[in-house]
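Chemist: sequence unknown, structure follows:
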């Protein structure tokens, strides 16, 4: 094809952006399924297994895995429910809030790298929808914007318990945003760049011949801080106080039904998937497969296995997805194991626990970076 | 950035700014201000000031505006109903603002206001160059700003604190105090 | 690059709208928001001129303006809360205690 390079870049960028958003949404749906059936597995019960289409599964003798229930029946139910605005509520804000909640999460999916640069037909493609040079700053910006959807949802519902949930959610999000920012800054200092693709590339190679240079080995404390703060940001258990399903009905989105409630739940799950992707990118080596270089496997014993370039890229993508899925399942298991934090415990953990730890980590990282001379 | 995109963003920014000033509901004003800040951040990024543009979103649209939102909630401000201000004030205000805008146009478009354009050095607007300037030429201002922020935090906490008085009512809020007194002195309703 | 006049005129228009907001609106919270508008218009002018002069000084000054605006917003909102607690109003025309 003889399209000008700019057009090819534009089309490729658009396809990659849509692809990343679809991957994010699909991960959210997978998390939803895991929440029904996986939680059932953990809690030693069966979970959803009733919905079928003309009973075909039962006739063929297959056990009902609840797939139709979660993936078809639930969305159909949610999107065909009546969509109302409560009496006396601000109609504009009530309708705007779900969009404001979902938008920052969706646009953050595009900066996550899922593969190295590949060249197809002589043209270089970055396996990352947008390669921003200030990617980590963009990440902090979109995380900060996530507050508004929640805040306005609580306020616009004209319901004092929804407002309470909204205020608590906002306070929780801005507190843990700080801890997350400190963890990210430590990682940035270690790798010396704001560009997410460069951070992942910097996690290639090995130490001592066998240990991959993943971020978790250089920044273990930042990993823990980011994990805890990320779970708190996405308002998942054990930090789901704003949405306490057994206390405040649905917290800040009590007065939402139908499609808008589906959007809020999707935001919750998509943000959890996003946190898993960010943990993978910063700490678990992103698309780096251990011991795999551009030309093949350099195994610790000294063996070398040549792998064609296209397989290297595919292995990278598969490794990324495997890591993200593993983290999602881990976060799901945490969800069904731990009880919920109380509000003051949550605030105390955020401000008196994570922020001092983050600052201490930052200080130690700064000393180590300057002492080992890795600063340019 | 291509001129049509700039014109579109500029028009959007002006409409949002007008929305801040015109809206009756303070939360709608706040939303309009947030959108103006985001558009200005996009314009920053278009002018190659990438780090400052993202900082604008993180600091201004992400933190300061949330502070405004909390204060609006705390004061429970509703949409203003009824006439707001004297009509003479509105006319005078609009005329004064238009006169200011016209004067600025005359000054900025005049032939003597010519800026000698220099090419941007490589790495312009990146974090390294911003940090380089901050920690060498502007180091004193940087340190003083940190003290200023500390003073602001202490001041804000001191101003917004509720001092519990002797009766333990816990507030200097006249409305709450009068409501508590009315509730205590009203005759009990028989079941 | 976009002609400098366009950026400066956008900055001037937003600044003038901020001034109009401070004069016309009587709700002190909205007046405060108009002040933030004015600060942002000035930031835009700084960045535009800085990038045409090829100097990072514009961006550093915007950094400091943003920081000072954050500090000022915190203290200003604290003042507004105190005023509301004592006067029960946020309408500027009713805050006439210090008028002779």
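Modeler: The structure has been received and is ready for your questions. Source: prediction; values computed, not measured.
Chemist: longest helix of chain A?
Modeler: helix A:160-191 (DSSP state H).
Chemist: My error: substitute chain C in the last question.
Modeler: helix C:57-87.
Chemist: related to what we said a few turns ago, just checking the longest helix of chain A against chain C, any contact.
Modeler: No: between helix A:160-191 and chain C, judged by C-beta under 8 Å from any C-beta of the partner chain, nothing touches; the nearest distance is 13.5 Å. Where C-beta positions appear, they are placed from N, C-alpha and C, glycine not excepted.
Chemist: tell me how far that helix is from the chain's mean position?
Modeler: Centroid separation for helix A:160-191 versus its chain: 14 Å, with C-alpha atoms, centre = their mean, to the nearest Å.
Chemist: Toward the C-terminus, what is the element adjacent to it?
Modeler: Per DSSP states H and E, helix A:160-191 leads on to helix A:196-201 as the next helix or strand towards the C-terminus.
Chemist: on that earlier part again, would the longest helix of chain A count as contacting chain B?
Modeler: Yes: using C-beta under 8 Å from any C-beta as the criterion, contacts between helix A:160-191 and chain B involve A:163, A:167, A:170, A:174.
Chemist: any idea how far the residue of the stretch 151-300 of chain A found nearest chain C lies from residue B:156?
Modeler: For the stretch 151-300 of chain A, the residue closest to chain C is residue A:174, as judged by C-beta to the nearest C-beta, at 13.5 Å. Using C-beta to C-beta, to the nearest Å, residue A:174 is found at 15 Å from residue B:156.
Chemist: Point me to the residue of chain A nearest chain B.
Modeler: residue A:144 (2.8 Å).
Chemist: mean confidence for the helix or strand hosting that residue?
Modeler: Element membership for residue A:144 (DSSP H and E) is helix A:135-145. Averaged across helix A:135-145, pLDDT comes to 92.
Chemist: so what secondary structure elements neighbour that helix?
Modeler: If you count contacts as 3 or more C-beta pairs under 8 Å, 6 or more residues apart in numbering or on different chains; DSSP states H and E, helix A:135-145 packs onto helix A:91-108, helix A:160-191, helix A:196-201, helix B:50-55.
Chemist: Can you say which of those is packed in most?
Modeler: Highest mean neighbour count of the helices and strands packed on helix A:135-145: helix B:50-55, a mean of 25 (counted as mean count of other C-beta atoms under 10 Å in any protein chain shown).
Chemist: does any bit of it sit next to chain C?
Modeler: Yes: Helix B:50-55 lies within reach of chain C by C-beta under 8 Å from any C-beta, at B:51, B:52, B:55.
Chemist: closest to chain A among these?
Modeler: The shortest gap between chain A and any of these belongs to residue B:51, at 6.1 Å (C-beta to the nearest C-beta).
Chemist: Need the pLDDT of residue B:172.
Modeler: 46.
Chemist: In contact with the nearest residue to residue B:77 once chain neighbours are set aside, which residues?
Modeler: Excluding its sequence neighbours, the residue lying closest to residue B:77 (C-beta to C-beta, 6 or more residues apart in numbering or on different chains) is residue B:26, at 4.9 Å. By C-beta atoms under 8 Å, 6 or more residues apart in numbering or on different chains, the residues touching residue B:26 are B:72, B:77, B:79, C:27, C:29, C:30.
Chemist: ranking these by neighbours, who comes first?
Modeler: Among the contacts of residue B:26, residue C:30 has the most neighbours (other C-beta atoms under 10 Å in any protein chain shown), with 27 neighbours.
Chemist: thinking that residue is in contact with residue C:23, fair?
Modeler: No: using C-beta atoms under 8 Å, residue C:30 makes no contact with residue C:23, being 11.6 Å away.
Chemist: Any residues of chain B in contact with chain A? List them.
Modeler: Going by C-beta under 8 Å from any C-beta, the residues of chain B near chain A are B:25, B:27-28, B:31, B:34, B:50-51, B:54-55, B:57-58, B:61-63, B:66, B:69-70, B:73, B:126-127.
Chemist: Now with 7 Å, please.
Modeler: With C-beta under 7 Å from any C-beta of the partner chain as the criterion, chain B comes near chain A at residues B:27, B:50-51, B:54, B:57-58, B:61-63, B:66, B:69, B:73, B:127.
Chemist: how deep is the residue of chain B found nearest chain A tucked in, by neighbour count?
Modeler: Distances between chain B and chain A by C-beta to the nearest C-beta are smallest at residue B:62, namely 2.8 Å. When neighbours are counted by other C-beta under 10 Å, residue B:62 registers 25.
Chemist: and if you look at residue A:130?
Modeler: Using other C-beta under 10 Å, residue A:130 is surrounded by 16 other residues.
Chemist: And what about the one residue in the stretch 201-350 of chain A that gets nearest to chain C, helix, strand or coil?
Modeler: Chain C sits closest to residue A:347 of the stretch 201-350 of chain A, with a gap of 19.0 Å, by C-beta to the nearest C-beta. Classification of residue A:347 using DSSP: H, G, I helix; E, B strand; the rest coil returns helix.
Chemist: quick one, phi psi at residue A:118?
Modeler: phi -120, psi 160 (degrees, to the nearest 10).
Chemist: what's the answer for residue A:203, then?
Modeler: The phi/psi pair for residue A:203 (degrees, to the nearest 10) is phi -100, psi 10.
Chemist: wait, it sits on residue A:216?
Modeler: No: the pair residue A:203 / residue A:216 is not scored as a contact, 9.4 Å apart, by C-beta atoms under 7 Å.
Chemist: more crowded one of those two?
Modeler: Legend: neighbour count by other C-beta under 10 Å for residue A:203 and residue A:216, higher for residue A:203 (24 against 16).
Chemist: which residues of chain A score low on pLDDT?
Modeler: Within chain A, the ranges that satisfy pLDDT under 70 run A:1-3, A:56-58, A:122, A:244-250, A:374-376.
Chemist: What of chain B?
Modeler: Ranges of chain B meeting pLDDT under 70: B:1, B:81-84, B:110-113, B:165-191.
Chemist: again, only using 50
Modeler: Within chain B, the segments meeting pLDDT under 50 span B:167-174, B:176-177, B:189-191.
Chemist: For the stretch 201-350 of chain A, which segments count as helices?
Modeler: Ranges of helices in the stretch 201-350 of chain A, per DSSP state H, counting those that start in this stretch, are A:215-218, A:220-233, A:259-283, A:309-335, A:343-348.
Chemist: show me what contacts the residue lying closest to residue B:45 once chain neighbours are set aside?
Modeler: Leaving aside its chain neighbours, residue B:45 sits nearest to residue B:53 (3.9 Å; criterion: C-beta to C-beta, 6+ apart). With contacts defined as C-beta atoms under 7 Å, 6 or more residues apart in numbering or on different chains, the neighbours of residue B:53 are B:41, B:44, B:45.
Chemist: Chain neighbours aside, what residue packs nearest to the second one?
Modeler: Closest residue in space to residue B:44, ignoring its immediate chain neighbours: residue B:53 at 3.5 Å, by C-beta to C-beta, 6+ apart.
Chemist: Residue C:53 and chain A: what is the separation?
Modeler: Residue C:53 is 22 Å from chain A, where distance means C-beta to the nearest C-beta, to the nearest Å.
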